[in-house]
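Peer 1: heads up, no residue letters with this:
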Ligand SMILES: Cc1cc2nc3c(=O)[nH]c(=O)nc-3n(C[C@H](O)[C@H](O)[C@H](O)COP(=O)(O)OP(=O)(O)OC[C@H]3O[C@@H](n4cnc5c(N)ncnc54)[C@H](O)[C@@H]3O)c2cc1C
Ligand code: SF4
Ligand code: SF4
Ligand code: FES
């Protein structure tokens, strides 16, 4: 068999993990990226990477619990086999990163140190200072360079992916890209295309994401026929700081190391925070969720911060919403050795030293749980059949999706420090599947295709590019339009969602999309024209924006990051025990009923009329049964109890009736 | 963690005397393409809360009109992370080489009221405006074998145990984001910019450029990376080859020890410590090679 030739778009953690593994498996690998690989967005990840480890194991932890925390954290919306496999691989992946020289923090005895992160009670998170993503990214960048020197891999940095090339049967045969300096457009023949193109935070204008996270590449694949799933699930991180260009993250690790969130009990108490005595501080997360405290999953923590500021009027400042994130009580060496990176960010941008005065933070758009739909092949144990070409394979034969741009691992809400591991896992394990796929392709491999196929594709994008350059002056300004889109998306499709606003917003997005088609360029040159790249990306934001909003509008429930007050489950408020029980029973009934209707992945397909078509797919919950997601909230115990009883009864009933296989055919 | 004098003076508390709406000017040294004529343009902007040089360039992109009312092409520049971890947005701001994303307008205007000056780095060929070609930095990393040569990516257990001190030291070096500030400031690091010869193919040109890059001075970022990989227990297994590269043409001997580099490194990397340590290792290496002959 000839060596498979594989194009990877995206050189973040996921893309580079796939690249080095494919090079090891003796493929011809090419990697394309908007930025030099070493400058990819993954460098921003601060807090760490999760896996079960020797220490947590002895405290009762195991891979199964990591898996369970992840699906419970994701409100059971993810197919379980890929998540199980990821949790199983996580310790091995961290070991590999350790061998590659990642500078993980150490214990005095020389082992890797771990911290606690949100949504778990175990210290599973390995970290390298407060720049874990950067350190992991560099280790992979080094390996990729090593393969490049060995002649096994080629890089196309500062290239914009324009679209896949499909043959008449709809099979992938390569892709087209544009050099962002020379503006040359060319085709890249390939047997398989792996999209590792990251998230789409720029749809929301300002977010915690980098400037390359514009969703353009995923959108281009979507418009070429790949499905996009669970787009409406967008993570809003509880703790970020404002900026004119970006909302900068203050990692969950600040809380993992002991940082606490609070507001003064007296609304807008004018005293400096350090002068407000303990008993006049409201540690609202700790009071409402004593078990998880400041380390709740992000969706819940974010909503609580919203509530405290908006509903209860307890924002620290009058003219701006924010709460305190306080690390001033932590030991100096913890701050310096484990959190320096993030404290520096705060200091640099806010001009105050978080070691001596509490930080002021507010939630910001952070991560996209949704992404390109992809398949998997389960094994008998309920994990994955690693090496199967179905894993991470989109519905378009030959296009795979990995990393933040796939929808596979995080369901309705991602747990902190689970993305880096998902990126590395999907990147490393997609490789053998891609090799298997490329073996014996129907219609031969890329080399067997006609030159005309590639020429046609190049000509199409070339014509589009020329048409952009030739647009008349005087049209709308693309940068202002982007700001408008971002403001709208942030208002209607983040923490709190209302159907009326979503419906109205959808219309506005369509109008903006129309406007974008008339936008003019300020630069008509054919050299390093950033205007062209930006406007093209902006146009491609609309299909994803529409998918997110349409999915959110259709989903009449609350799940993970998707929250509609209209459909919120009522709290059990009665004090009389019998009445409490009745309310809890009604609650559980409604919960079960809602799951029957909505425990489904949203799957969008782009139709030729320029609208996303939405359908739903059952979620594979073969390993753990969905249950109410309460995180020990005060007053939630009665629900928990009733639910357990219901499950026991259901189980007993199921055992009494012989199962279908025992009954035999007939 | 020790930060350099430079980075702490850059990141002083923010002056509050900048008011939203306050007008200021930005002068940009522009260049339409490689080896083209350079020219200045000035833009008038209004101050916004939390403004940095990235938002300045974003405002110019939104409305590319000079202060004397001419519509011009927007200024080209590079950026990605916007929080000083990717190294992309490096440029000369009021004459200092640094990242645009952490250059806060309020501070800049406090130091030099009324106007901010943006220029591309001078040690790398300009591609357009503030965008320069820094591929040479990555070529240097190839030369010094900046990676850990593991056997394979299969599961072979954890990496070697390490002391906290070793980790802290390695972490200092491994934060290098290849931004090139240290190279911009270094008197020994000189710009390489080749012109196409008549009839030359891109391949031939690239090969010529590569040879030139490989022979020229590697700079202190690379010396620090040699220290990083040679102190890693697995990386140490090919320390000899790295030391060979360190003493080859364009190696550590070119350093004149002027210590400009350490003063501009935004990540506070102890470059002069690295130079001193690598220098001793290089000397030992040369002696050993000499005696082994
Ligand atoms: C501030 C911050 C902190 C975080 N901290 C953590 C953490 O502590 N732990 C954790 O687990 N997760 C964390 N995350 C999430 C995690 O960093 C990301 O989900 C992850 O890095 C995504 O990696 P990726 O490889 O999928 O994509 P990215 O690293 O985003 O890379 C995408 C790649 O695709 C390329 N690309 C995109 N579009 C195109 C195009 N049109 N043409 C060509 N190339 C293109 C880009 O150039 C880039 O190389 C954090 C996220 C943020 C924003
Ligand atoms: S110490 Fe060496 S590397 Fe640093 S600036 Fe001086 S000559 Fe350059
Ligand atoms: S050593 Fe410092 S200045 Fe030099 S490239 Fe690295 S981070 Fe930049
Ligand atoms: S944009 Fe990454 S360092 Fe400034």
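Peer 2: Okay, I see it. Just so it is clear, the model here is predicted, and its values are computed rather than measured. Ligands and ions are numbered 1, 2, ... in the order given.

Peer 1: Residues of chain B that sit close to ligand 4?
Peer 2: Proximity of chain B to ligand 4 (CB under 6 Å from any ligand atom) is limited to residues B:79, B:80, B:81, B:82, B:84, B:86, B:87, B:88, B:89, B:99, B:101. Yep, even glycine has a C-beta here, placed from its N, CA and C like the rest.

Peer 1: neighbours around the first one, how many?
Peer 2: Think residue B:79. One way to gauge burial is a neighbour count; for residue B:79, by other CB atoms under 10 Å in any protein chain shown, it gives 26.

Peer 1: measure the spatially closest residue to residue A:268 that is not a sequence neighbour to ligand 2 for me?
Peer 2: For residue A:268, ignoring the flanking residues on the chain, the nearest one in space by CB to CB, 6 or more residues apart in numbering or on different chains is residue A:318 at 5.2 Å. Distance, residue A:318 to ligand 2, by CB to the nearest ligand atom, to the nearest Å: 49 Å.

Peer 1: cool, residue A:83 as well?
Peer 2: From residue A:83 across to ligand 2, the span is 48 Å (CB to the nearest ligand atom).

Peer 1: my guess is that residue contacts residue A:69, does it?
Peer 2: No: taking CB atoms under 8 Å as the definition, residue A:83 is not a contact partner of residue A:69, at 10.1 Å.

Peer 1: More neighbours: those two, which one.
Peer 2: Neighbours were tallied for residue A:83 and for residue A:69 using other CB under 10 Å; the higher tally belongs to residue A:83 (29 against 23).

Peer 1: Identify the residues contacting the more buried one.
Peer 2: A:67, A:70, A:71, A:74, A:409 (CB atoms under 8 Å, 6 or more residues apart in numbering or on different chains).

Peer 1: circling back to that earlier point, which element is the residue nearest to residue A:268 on?
Peer 2: Residue A:318 belongs to no helix or strand when elements are defined using DSSP states H and E.

Peer 1: Neighbours of it, how many?
Peer 2: Around residue A:318 there are 10 residues (other CB under 10 Å).

Peer 1: what does residue A:379 give?
Peer 2: Using other CB under 10 Å, residue A:379 has 13 neighbouring residues.

Peer 1: Give the closest residue to it in space, chain neighbours not counted.
Peer 2: Computed as CB to CB, 6+ apart, the closest residue to residue A:379 that is not its neighbour in sequence is residue A:385, at 4.5 Å.

Peer 1: Tell me if I'm right that that neighbour and residue A:377 touch.
Peer 2: Yes: using CB under 8 Å, residue A:385 and residue A:377 qualify as a contacting pair, with a distance of 4.4 Å.

Peer 1: Which neighbours do these two have in common?
Peer 2: When contacts are counted by CB under 8 Å, 6+ apart, residue A:385 and residue A:377 are jointly contacted by residue A:391.

Peer 1: Would you state the strands of the stretch 301-450 of chain A in chain order?
Peer 2: Ranges of strands in the stretch 301-450 of chain A, per DSSP state E, counting those that start in this stretch, are A:323-326, A:359-368, A:371-372, A:399-401.

Peer 1: what are the ranges of the strands in the stretch 101-250 of chain B?
Peer 2: With DSSP E, counting those that start in this stretch as the criterion, the stretch 101-250 of chain B has strands spanning B:115-119, B:126-128, B:131-132.

Peer 1: Residue A:233 is nearest to which of those strands?
Peer 2: Smallest distance to residue A:233 across these (CB to CB): 35.9 Å, for strand B:131-132.

Peer 1: As TSV, the strands of the stretch 101-250 of chain B with mean neighbour count would be great.
Peer 2: Below are the strands of the stretch 101-250 of chain B laid out as TSV (neighbours: other CB atoms under 10 Å in any protein chain shown):
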stretch	mean neighbour count
strand B:115-119	19
strand B:126-128	23
strand B:131-132	24
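
Peer 1: how about those, which one is nearest ligand 3?
Peer 2: Checking the strands of the stretch 101-250 of chain B against ligand 3 by CB to the nearest ligand atom gives strand B:131-132 as the closest, at 13.4 Å.

Peer 1: Say whether chain A is contacted by that closest one.
Peer 2: Yes: legend: contact between strand B:131-132 and chain A by CB under 8 Å from any CB of the partner chain is shown at residue B:131.

Peer 1: Same question for stretch B:98-111.
Peer 2: Yes: legend: contact between stretch B:98-111 and chain A by CB under 8 Å from any CB is shown at B:101, B:102, B:104.

Peer 1: Quick one: name the residues of chain B near ligand 2.
Peer 2: Contact residues of chain B with respect to ligand 2, defined by CB under 6 Å from any ligand atom, are listed as B:185-188, B:219-220, B:255-261, B:275.

Peer 1: Apply 8 Å and report the result again.
Peer 2: Contact residues, chain B versus ligand 2 (CB under 8 Å from any ligand atom): B:182, B:185-189, B:217, B:219-220, B:223, B:254-262, B:271-272, B:275.

Peer 1: I'd like the mean pLDDT over stretch A:125-142, please.
Peer 2: If you average the pLDDT over stretch A:125-142, you get 96.

Peer 1: and it, how far from the chain's centre?
Peer 2: The chain centre lies 18 Å from the centre of stretch A:125-142; the measure is CA atoms, centre = their mean, to the nearest Å.

Peer 1: touching chain B at all, it?
Peer 2: Yes: for stretch A:125-142 and chain B, the contact criterion (CB under 8 Å from any CB) is met by A:128, A:129, A:131, A:134, A:135, A:138, A:139, A:142.

Peer 1: Check the stretch 501-650 of chain A for the residue nearest ligand 4 and tell me.
Peer 2: Sorted by distance to ligand 4 under CB to the nearest ligand atom, the residues of the stretch 501-650 of chain A start with residue A:530, at 14.4 Å.

Peer 1: Give me the local confidence score for that residue.
Peer 2: According to the model, residue A:530 carries a pLDDT of 97.

Peer 1: do the same with residue A:662
Peer 2: 47.

Peer 1: how many other residues sit next to residue A:256?
Peer 2: The criterion is other CB under 10 Å. On that basis, residue A:256 has 24 neighbouring residues.

Peer 1: Ramachandran coordinates for it?
Peer 2: Geometry field for residue A:256 lists phi and psi as phi -60, psi -30, criterion degrees, to the nearest 10.
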